[in-house]
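> no sequence on hand, only this structure:
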């Protein structure tokens, strides 16, 4: 018997909502953001031949840094937005001035 279709009557219990923030995912996103920024800076310094390596190594480092920076920026932005929405919802729920 496959579970392709779910009967709504099977869910008679209560649902648990986890409201703690995803700290591992946020720390990974921030680490990717910081590491990507550092690798892009190293690549630009290599490209301008101020530190060791030649121009092609600088381009490759900058490209690698971009691959690290983009997902880190994207997920950090989403996490920041979720925190701001949670703060606003908390203020509305408590009817306090924030």
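Happy to help now that I have it. This one's a predicted model, so the numbers in the text were calculated from it and none came from an experiment.

> for the helix or strand of the chain with the lowest mean pLDDT, buried residues please.
Ranked by mean pLDDT, DSSP states H and E, the weakest helix or strand in the chain is helix 55-94, scoring a mean of 86. In terms of neighbour count (16 or more other C-beta atoms under 10 Å), helix 55-94 has its buried residues at 58, 61-62, 64-65, 68-69, 72, 75-76, 79. The way it works is simple: take the backbone N, C-alpha and C, and place the C-beta from them, glycine included.

> from those residues, which two are the most distant?
Maximum pairwise distance among these (C-beta to C-beta): 31.0 Å, between 58 and 79.

> can you spell out which helices and strands pack onto the least confident helix or strand of the chain?
Here helix 55-94 touches helix 23-47, going by 3 or more C-beta pairs under 8 Å, 6 or more residues apart in numbering; DSSP states H and E.

> touching the helix it packs on from outside, list them.
If you take C-beta atoms under 8 Å, 6 or more residues apart in numbering as the criterion, helix 23-47 is touched by 51-55, 57-76, 79.

> show me the contact partners of stretch 68-75.
Stretch 68-75 has contacts (C-beta under 8 Å, 6+ apart) with 25-26, 28-37, 39-40.

> which among those count as buried?
Neighbour counting by 16+ other C-beta under 10 Å classes 26, 29, 32-33, 36, 39-40 among the contacts of stretch 68-75 as buried.

> just give me the closest of the residues you listed to residue 87.
Distance to residue 87, by C-beta to C-beta, is smallest for residue 26 among the buried ones among the contacts of stretch 68-75, at 15.2 Å.

> just to revisit the earlier point, can you tell me which of the buried ones among the contacts of stretch 68-75 is nearest residue 85?
Distance to residue 85 across the buried ones among the contacts of stretch 68-75 (C-beta to C-beta) is lowest for residue 26, with 14.7 Å.
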